[in-house]
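Student: just the structure for this:
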Amino acid sequence: MSRTPRARRRALALALCAAAVATLQGVASPTAGAAPISAPSTVGVIEDSTARAFAASLSEGSWRTQVRTAALASDEVDLRALTSRTRTGAGSALEPAVATADRRIAEAKGLASDTGSLLRLRLASPSMRAELASGTAPLVAAAATEDGAETITAYDSRGRAHTLDADRVPDRPVYVVDIDGARATEAGLRTLNKELTARGIPAPAPSATRTPTRTSEKSPTSSLSAGFWTTKIDSVRLSNDEEPWVSGDAEVFSIVSGFGFDGKVRVDTVDMPYLDNDGTTYNPNQILVNWSSYKYNLADVVMMEDDGDTNYQALAKALADALLTITDLGAYIPLVNAILDAIPASWYTNDPDYVDSWYTLSQTSSGPLTGARANGTLTVSPYYVTQF
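Tutor: Down below sits the predicted model:
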(Lines give C-alpha, C1' and ligand atoms only; values in the text may rest on other atoms or scores of the structure.)
Protein backbone atom coordinates (compact mmCIF):
# COMPACT_ATOMS: atom_id res chain seq x y z
CA MET A 1 0.00 0.00 0.00
CA SER A 2 1.44 3.42 -0.95
CA ARG A 3 2.16 5.96 1.78
CA THR A 4 0.57 9.38 2.07
CA PRO A 5 2.84 12.44 1.53
CA ARG A 6 2.77 13.08 5.29
CA ALA A 7 3.79 9.51 6.02
CA ARG A 8 6.58 9.69 3.48
CA ARG A 9 7.87 12.91 5.03
CA ARG A 10 7.75 11.36 8.49
CA ALA A 11 9.62 8.28 7.28
CA LEU A 12 12.29 10.49 5.68
CA ALA A 13 12.63 12.51 8.87
CA LEU A 14 13.05 9.42 11.01
CA ALA A 15 15.62 7.99 8.61
CA LEU A 16 17.63 11.22 8.58
CA CYS A 17 17.53 11.47 12.36
CA ALA A 18 18.68 7.87 12.78
CA ALA A 19 21.50 8.32 10.27
CA ALA A 20 22.70 11.56 11.81
CA VAL A 21 22.62 10.26 15.36
CA ALA A 22 24.34 7.00 14.34
CA THR A 23 27.11 8.97 12.62
CA LEU A 24 27.66 11.30 15.51
CA GLN A 25 27.61 8.47 18.04
CA GLY A 26 30.79 7.24 16.38
CA VAL A 27 32.61 10.32 17.67
CA ALA A 28 34.03 9.60 21.10
CA SER A 29 33.57 12.19 23.82
CA PRO A 30 36.54 13.09 26.03
CA THR A 31 36.77 11.14 29.27
CA ALA A 32 35.16 13.01 32.15
CA GLY A 33 37.70 15.04 34.07
CA ALA A 34 40.39 14.59 31.42
CA ALA A 35 41.67 17.18 28.98
CA PRO A 36 43.25 15.31 26.07
CA ILE A 37 45.91 17.45 24.48
CA SER A 38 45.49 15.90 21.06
CA ALA A 39 42.26 14.17 20.08
CA PRO A 40 43.03 14.21 16.35
CA SER A 41 40.50 16.21 14.37
CA THR A 42 37.70 15.60 16.87
CA VAL A 43 35.92 18.81 15.90
CA GLY A 44 36.59 18.10 12.23
CA VAL A 45 35.01 14.66 12.49
CA ILE A 46 31.91 16.13 14.14
CA GLU A 47 31.65 18.88 11.52
CA ASP A 48 32.04 16.37 8.68
CA SER A 49 29.38 14.08 10.14
CA THR A 50 27.03 17.02 10.54
CA ALA A 51 27.74 18.20 6.99
CA ARG A 52 26.96 14.75 5.60
CA ALA A 53 23.69 14.47 7.54
CA PHE A 54 22.73 18.04 6.65
CA ALA A 55 23.35 17.38 2.95
CA ALA A 56 21.05 14.35 3.06
CA SER A 57 18.30 16.44 4.68
CA LEU A 58 18.26 18.78 1.67
CA SER A 59 16.46 16.12 -0.37
CA GLU A 60 13.25 17.55 1.12
CA GLY A 61 12.22 20.50 -1.04
CA SER A 62 10.51 22.66 1.59
CA TRP A 63 13.47 22.35 3.95
CA ARG A 64 15.93 23.05 1.12
CA THR A 65 14.00 26.24 0.29
CA GLN A 66 13.99 27.36 3.93
CA VAL A 67 17.72 26.81 4.24
CA ARG A 68 18.38 28.69 0.99
CA THR A 69 16.33 31.66 2.18
CA ALA A 70 18.20 31.77 5.49
CA ALA A 71 21.62 31.47 3.85
CA LEU A 72 20.90 34.28 1.41
CA ALA A 73 19.58 36.54 4.17
CA SER A 74 22.58 36.23 6.49
CA ASP A 75 26.31 35.66 6.25
CA GLU A 76 26.06 33.00 8.95
CA VAL A 77 23.10 30.93 10.17
CA ASP A 78 22.79 29.41 13.64
CA LEU A 79 22.25 25.75 12.77
CA ARG A 80 20.58 24.78 16.02
CA ALA A 81 18.20 27.73 15.86
CA LEU A 82 17.36 26.92 12.25
CA THR A 83 16.55 23.28 12.97
CA SER A 84 14.64 24.04 16.16
CA ARG A 85 12.21 26.49 14.60
CA THR A 86 11.48 24.69 11.33
CA ARG A 87 8.25 22.78 10.74
CA THR A 88 9.71 20.64 7.99
CA GLY A 89 10.22 16.95 8.66
CA ALA A 90 13.84 16.80 7.52
CA GLY A 91 14.88 19.91 9.43
CA SER A 92 13.14 18.82 12.63
CA ALA A 93 14.78 15.42 12.39
CA LEU A 94 18.21 17.05 12.43
CA GLU A 95 17.63 19.02 15.61
CA PRO A 96 18.67 16.31 18.12
CA ALA A 97 21.79 15.49 16.11
CA VAL A 98 22.78 19.16 15.84
CA ALA A 99 22.28 19.64 19.59
CA THR A 100 24.44 16.58 20.26
CA ALA A 101 27.12 17.84 17.88
CA ASP A 102 27.12 21.24 19.61
CA ARG A 103 27.60 19.62 23.00
CA ARG A 104 30.42 17.36 21.79
CA ILE A 105 32.24 20.24 20.12
CA ALA A 106 32.13 22.20 23.38
CA GLU A 107 33.50 19.16 25.23
CA ALA A 108 36.24 18.62 22.65
CA LYS A 109 37.34 22.24 22.99
CA GLY A 110 37.24 22.21 26.79
CA LEU A 111 34.51 24.87 26.90
CA ALA A 112 31.93 25.47 29.62
CA SER A 113 28.58 23.70 29.26
CA ASP A 114 26.78 27.06 29.02
CA THR A 115 28.75 28.18 25.95
CA GLY A 116 25.61 27.85 23.83
CA SER A 117 25.11 27.00 20.18
CA LEU A 118 28.35 26.79 18.20
CA LEU A 119 27.49 25.21 14.84
CA ARG A 120 26.93 27.62 11.98
CA LEU A 121 26.02 27.31 8.31
CA ARG A 122 27.32 29.72 5.68
CA LEU A 123 27.79 29.97 1.96
CA ALA A 124 31.44 29.31 1.12
CA SER A 125 31.78 32.43 -1.05
CA PRO A 126 29.66 35.46 -1.93
CA SER A 127 30.30 34.58 -5.59
CA MET A 128 27.95 31.60 -5.13
CA ARG A 129 24.90 33.66 -4.20
CA ALA A 130 23.50 34.04 -7.70
CA GLU A 131 23.70 30.31 -8.44
CA LEU A 132 22.12 29.44 -5.12
CA ALA A 133 19.31 31.96 -5.63
CA SER A 134 18.59 30.51 -9.06
CA GLY A 135 17.90 27.10 -7.51
CA THR A 136 21.16 25.27 -8.23
CA ALA A 137 21.43 22.33 -5.82
CA PRO A 138 24.20 23.03 -3.30
CA LEU A 139 26.85 20.74 -1.89
CA VAL A 140 27.71 20.71 1.83
CA ALA A 141 31.25 20.65 3.24
CA ALA A 142 32.87 20.92 6.68
CA ALA A 143 35.07 23.93 7.40
CA ALA A 144 37.65 22.00 9.42
CA THR A 145 40.37 21.19 6.90
CA GLU A 146 44.02 20.40 7.45
CA ASP A 147 46.46 23.17 6.55
CA GLY A 148 47.93 22.52 3.12
CA ALA A 149 45.05 20.28 2.05
CA GLU A 150 44.78 20.02 -1.73
CA THR A 151 41.17 18.83 -1.85
CA ILE A 152 37.88 19.43 -0.04
CA THR A 153 35.21 16.75 0.39
CA ALA A 154 31.62 17.93 -0.06
CA TYR A 155 28.36 15.97 -0.06
CA ASP A 156 25.16 16.14 -2.08
CA SER A 157 21.61 15.31 -0.99
CA ARG A 158 21.97 11.73 -2.25
CA GLY A 159 24.90 11.08 0.06
CA ARG A 160 27.56 11.12 -2.64
CA ALA A 161 30.97 12.62 -1.88
CA HIS A 162 32.47 15.16 -4.28
CA THR A 163 36.15 16.10 -4.34
CA LEU A 164 36.78 19.83 -4.82
CA ASP A 165 39.99 21.75 -5.44
CA ALA A 166 41.02 23.45 -2.18
CA ASP A 167 42.63 26.35 -4.04
CA ARG A 168 39.83 27.10 -6.48
CA VAL A 169 36.41 28.34 -5.42
CA PRO A 170 33.86 26.12 -7.20
CA ASP A 171 31.13 27.56 -9.40
CA ARG A 172 28.49 25.36 -7.78
CA PRO A 173 27.20 26.71 -4.45
CA VAL A 174 28.62 25.05 -1.35
CA TYR A 175 27.23 25.33 2.16
CA VAL A 176 29.90 25.14 4.85
CA VAL A 177 29.26 23.68 8.29
CA ASP A 178 31.48 25.63 10.65
CA ILE A 179 31.60 26.75 14.25
CA ASP A 180 31.14 30.27 15.58
CA GLY A 181 34.85 30.93 15.97
CA ALA A 182 34.46 34.26 17.75
CA ARG A 183 32.16 32.75 20.39
CA ALA A 184 34.34 29.67 20.77
CA THR A 185 37.54 31.69 21.16
CA GLU A 186 35.98 34.10 23.66
CA ALA A 187 34.67 31.19 25.73
CA GLY A 188 37.97 29.37 25.31
CA LEU A 189 40.03 32.26 26.66
CA ARG A 190 37.73 32.45 29.68
CA THR A 191 38.39 28.76 30.25
CA LEU A 192 42.13 29.24 29.71
CA ASN A 193 42.31 32.10 32.23
CA LYS A 194 40.26 30.17 34.79
CA GLU A 195 42.36 27.03 34.42
CA LEU A 196 45.67 28.91 34.56
CA THR A 197 44.57 30.67 37.75
CA ALA A 198 43.53 27.35 39.29
CA ARG A 199 46.97 25.91 38.46
CA GLY A 200 48.87 28.81 40.04
CA ILE A 201 49.43 31.18 37.11
CA PRO A 202 48.20 34.67 38.11
CA ALA A 203 44.98 35.83 36.49
CA PRO A 204 45.02 38.38 33.68
CA ALA A 205 44.68 42.06 34.46
CA PRO A 206 41.13 43.26 33.73
CA SER A 207 42.47 46.10 31.60
CA ALA A 208 44.86 43.99 29.53
CA THR A 209 42.69 43.98 26.42
CA ARG A 210 40.73 47.18 26.96
CA THR A 211 40.70 49.80 24.22
CA PRO A 212 42.22 52.93 25.84
CA THR A 213 40.04 55.99 26.29
CA ARG A 214 42.39 58.56 27.77
CA THR A 215 46.10 59.13 27.45
CA SER A 216 48.96 61.37 28.45
CA GLU A 217 51.58 62.55 26.00
CA LYS A 218 54.38 62.12 28.52
CA SER A 219 57.07 59.54 27.89
CA PRO A 220 56.87 56.06 29.45
CA THR A 221 59.79 56.93 31.70
CA SER A 222 57.84 59.79 33.27
CA SER A 223 56.34 59.46 36.76
CA LEU A 224 52.57 59.73 36.58
CA SER A 225 49.94 58.95 39.16
CA ALA A 226 46.40 57.55 38.91
CA GLY A 227 47.04 55.51 35.80
CA PHE A 228 49.26 52.93 34.15
CA TRP A 229 51.48 52.53 31.13
CA THR A 230 50.53 50.11 28.38
CA THR A 231 51.70 49.05 24.95
CA LYS A 232 48.99 49.71 22.38
CA ILE A 233 48.60 48.00 18.99
CA ASP A 234 48.26 50.75 16.40
CA SER A 235 48.18 48.32 13.47
CA VAL A 236 48.67 44.62 12.78
CA ARG A 237 49.13 42.68 9.57
CA LEU A 238 49.63 38.97 8.90
CA SER A 239 51.11 37.32 5.81
CA ASN A 240 49.48 34.57 3.75
CA ASP A 241 47.92 31.90 5.97
CA GLU A 242 47.60 29.47 3.01
CA GLU A 243 44.18 28.29 4.15
CA PRO A 244 41.69 26.90 1.58
CA TRP A 245 38.51 28.71 0.51
CA VAL A 246 36.36 26.50 2.73
CA SER A 247 37.94 27.92 5.90
CA GLY A 248 36.23 30.91 7.45
CA ASP A 249 37.68 33.95 9.14
CA ALA A 250 40.74 33.46 11.31
CA GLU A 251 40.25 33.44 15.10
CA VAL A 252 43.44 34.92 16.49
CA PHE A 253 44.52 35.46 20.08
CA SER A 254 47.79 36.36 21.74
CA ILE A 255 49.46 35.02 24.86
CA VAL A 256 51.40 37.76 26.66
CA SER A 257 53.79 36.48 29.31
CA GLY A 258 56.26 37.92 31.78
CA PHE A 259 56.98 38.00 35.51
CA GLY A 260 54.56 39.44 38.05
CA PHE A 261 55.65 41.36 41.11
CA ASP A 262 55.52 38.12 43.12
CA GLY A 263 58.29 36.70 40.94
CA LYS A 264 55.98 34.17 39.31
CA VAL A 265 55.32 33.87 35.60
CA ARG A 266 52.01 35.46 34.63
CA VAL A 267 49.98 35.08 31.44
CA ASP A 268 47.58 37.58 29.91
CA THR A 269 45.41 36.46 27.00
CA VAL A 270 44.40 38.99 24.36
CA ASP A 271 41.50 38.19 22.03
CA MET A 272 41.88 39.68 18.54
CA PRO A 273 38.48 38.97 16.94
CA TYR A 274 38.91 41.63 14.27
CA LEU A 275 41.94 39.91 12.71
CA ASP A 276 39.96 37.95 10.12
CA ASN A 277 42.10 37.86 6.99
CA ASP A 278 45.72 37.71 5.96
CA GLY A 279 47.17 40.41 3.75
CA THR A 280 45.01 43.05 5.45
CA THR A 281 46.19 45.82 7.76
CA TYR A 282 44.00 46.34 10.82
CA ASN A 283 44.10 49.38 13.12
CA PRO A 284 42.56 48.14 16.36
CA ASN A 285 43.82 50.71 18.88
CA GLN A 286 43.95 47.75 21.31
CA ILE A 287 45.97 47.40 24.49
CA LEU A 288 48.39 44.49 24.26
CA VAL A 289 50.36 44.80 27.54
CA ASN A 290 49.41 46.43 30.84
CA TRP A 291 52.80 47.15 32.36
CA SER A 292 51.40 47.73 35.84
CA SER A 293 51.08 43.92 36.09
CA TYR A 294 54.73 43.14 35.32
CA LYS A 295 57.85 43.30 37.47
CA TYR A 296 60.25 43.88 34.61
CA ASN A 297 60.08 46.28 31.72
CA LEU A 298 59.89 43.32 29.31
CA ALA A 299 57.30 40.79 28.15
CA ASP A 300 56.88 38.25 25.35
CA VAL A 301 54.02 37.78 22.92
CA VAL A 302 52.97 34.55 21.18
CA MET A 303 50.19 34.94 18.60
CA MET A 304 48.06 31.89 17.82
CA GLU A 305 45.07 30.98 15.71
CA ASP A 306 42.29 28.63 16.80
CA ASP A 307 41.69 26.47 13.73
CA GLY A 308 38.98 24.41 15.36
CA ASP A 309 40.36 21.61 17.53
CA THR A 310 41.90 23.77 20.27
CA ASN A 311 41.20 22.29 23.70
CA TYR A 312 41.62 25.25 26.03
CA GLN A 313 41.73 23.15 29.20
CA ALA A 314 44.57 21.12 27.73
CA LEU A 315 46.34 24.28 26.57
CA ALA A 316 46.14 25.70 30.09
CA LYS A 317 47.59 22.51 31.56
CA ALA A 318 50.44 22.44 29.05
CA LEU A 319 51.30 26.10 29.69
CA ALA A 320 51.09 25.76 33.45
CA ASP A 321 53.26 22.63 33.51
CA ALA A 322 55.95 24.46 31.55
CA LEU A 323 55.80 27.94 33.06
CA LEU A 324 55.55 26.96 36.72
CA THR A 325 59.02 25.44 36.50
CA ILE A 326 60.56 28.82 35.59
CA THR A 327 61.73 30.94 38.51
CA ASP A 328 62.64 34.60 38.69
CA LEU A 329 66.42 34.83 39.06
CA GLY A 330 66.51 38.61 39.30
CA ALA A 331 66.74 39.24 35.56
CA TYR A 332 64.22 38.86 32.77
CA ILE A 333 64.07 35.46 31.09
CA PRO A 334 62.35 35.27 27.66
CA LEU A 335 59.38 32.92 27.82
CA VAL A 336 58.47 32.41 24.15
CA ASN A 337 60.44 29.20 23.78
CA ALA A 338 58.96 27.74 26.95
CA ILE A 339 55.44 28.44 25.66
CA LEU A 340 56.12 26.96 22.24
CA ASP A 341 57.87 23.92 23.73
CA ALA A 342 54.84 23.30 25.92
CA ILE A 343 52.57 22.85 22.93
CA PRO A 344 52.71 19.39 21.31
CA ALA A 345 53.93 19.26 17.72
CA SER A 346 50.58 17.86 16.58
CA TRP A 347 48.95 21.15 17.55
CA TYR A 348 50.77 22.97 14.81
CA THR A 349 48.60 21.32 12.14
CA ASN A 350 45.14 22.81 12.09
CA ASP A 351 44.80 23.17 15.83
CA PRO A 352 45.94 26.29 17.66
CA ASP A 353 48.31 27.28 14.86
CA TYR A 354 51.42 29.19 15.82
CA VAL A 355 51.17 32.49 13.96
CA ASP A 356 54.21 34.42 15.19
CA SER A 357 56.05 35.61 18.30
CA TRP A 358 57.69 38.77 19.59
CA TYR A 359 60.53 38.46 22.09
CA THR A 360 61.28 40.99 24.83
CA LEU A 361 58.72 43.64 24.01
CA SER A 362 59.56 46.61 26.23
CA GLN A 363 57.53 49.42 27.72
CA THR A 364 59.31 51.84 25.39
CA SER A 365 58.83 49.75 22.23
CA SER A 366 57.45 51.83 19.40
CA GLY A 367 56.89 51.53 15.66
CA PRO A 368 56.66 48.44 13.44
CA LEU A 369 57.90 45.17 14.95
CA THR A 370 58.28 42.13 12.70
CA GLY A 371 57.69 38.79 14.41
CA ALA A 372 60.33 36.09 14.75
CA ARG A 373 58.70 34.10 11.93
CA ALA A 374 58.33 37.23 9.76
CA ASN A 375 54.69 36.23 9.41
CA GLY A 376 53.25 39.18 11.30
CA THR A 377 53.97 42.85 11.87
CA LEU A 378 52.77 44.76 14.91
CA THR A 379 53.01 48.53 14.99
CA VAL A 380 52.93 49.57 18.63
CA SER A 381 53.32 52.64 20.81
CA PRO A 382 53.55 53.39 24.53
CA TYR A 383 50.19 54.53 25.89
CA TYR A 384 49.34 55.92 29.32
CA VAL A 385 45.82 55.18 30.50
CA THR A 386 44.52 57.65 33.06
CA GLN A 387 42.32 56.22 35.78
CA PHE A 388 39.28 58.21 36.79
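Student: name the helix or strand for Ala372, please.
Tutor: Using DSSP states H and E, Ala372 maps to neither a helix nor a strand.
Student: for it, which non-adjacent residue is closest in space?
Tutor: Ser357 (4.9 Å; C-beta to C-beta, 6 or more residues apart in numbering). Every C-beta, even on glycine, is put in place using the N, C-alpha and C of the backbone.
Student: tell me the strands beside the strand or helix carrying that neighbour, with direction?
Tutor: Secondary structure from DSSP H and E places Ser357 in strand 352-362. Here strand 352-362 is paired, per DSSP bridges, with strand 298-306 (antiparallel).
Student: next helix or strand past the partner strand?
Tutor: Following strand 298-306 in sequence, per DSSP H and E, is helix 312-323.
Student: list the buried residues in the very next helix or strand once past that next one.
Tutor: Of the helices and strands lying after helix 312-323 in sequence (DSSP H and E), the nearest is helix 336-342. Buried residues in helix 336-342, defined by neighbour count with 16 or more other C-beta atoms under 10 Å: 336, 338-339, 342.
Student: next, the contact list for Leu79, please.
Tutor: 50, 54, 98, 117, 119-121, 177 (C-beta atoms under 8 Å, 6 or more residues apart in numbering).
Student: go on, Gly116?
Tutor: Arg183.
Student: hmm, back to that, need the contacts of Leu79 in TSV (columns: secondary structure).
Tutor: Shown next, in TSV, are the contacts of Leu79 (DSSP: H, G, I helix; E, B strand; the rest coil):
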residue	secondary structure
Thr50	helix
Phe54	helix
Val98	helix
Ser117	coil
Leu119	strand
Arg120	strand
Leu121	strand
Val177	strand
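Student: which of those residues sits closest to Gly159?
Tutor: The shortest gap between Gly159 and any of those belongs to Phe54, at 11.5 Å (C-beta to C-beta).
Student: right, and Tyr354 touches Asp306 too?
Tutor: No: applying C-beta atoms under 8 Å as the test, Tyr354 and Asp306 come out as separate, 11.8 Å apart.
Student: the more surrounded of those two?
Tutor: Neighbour totals were compared for Tyr354 and Asp306, and Asp306 leads with 23 against 17 (other C-beta atoms under 10 Å).
Student: which non-adjacent residue is nearest the more buried one?
Tutor: Glu251 is the one closest to Asp306 (C-beta to C-beta, 6+ apart), at 4.5 Å.
Student: could you measure from Leu319 over to Ser366?
Tutor: 29 Å (C-beta to C-beta, to the nearest Å).
Student: before we move on, what about Thr231?
Tutor: 9 Å.
Student: returning to that earlier point: nearest to Gln286, of the contacts of Leu79?
Tutor: Arg120 (25.1 Å).
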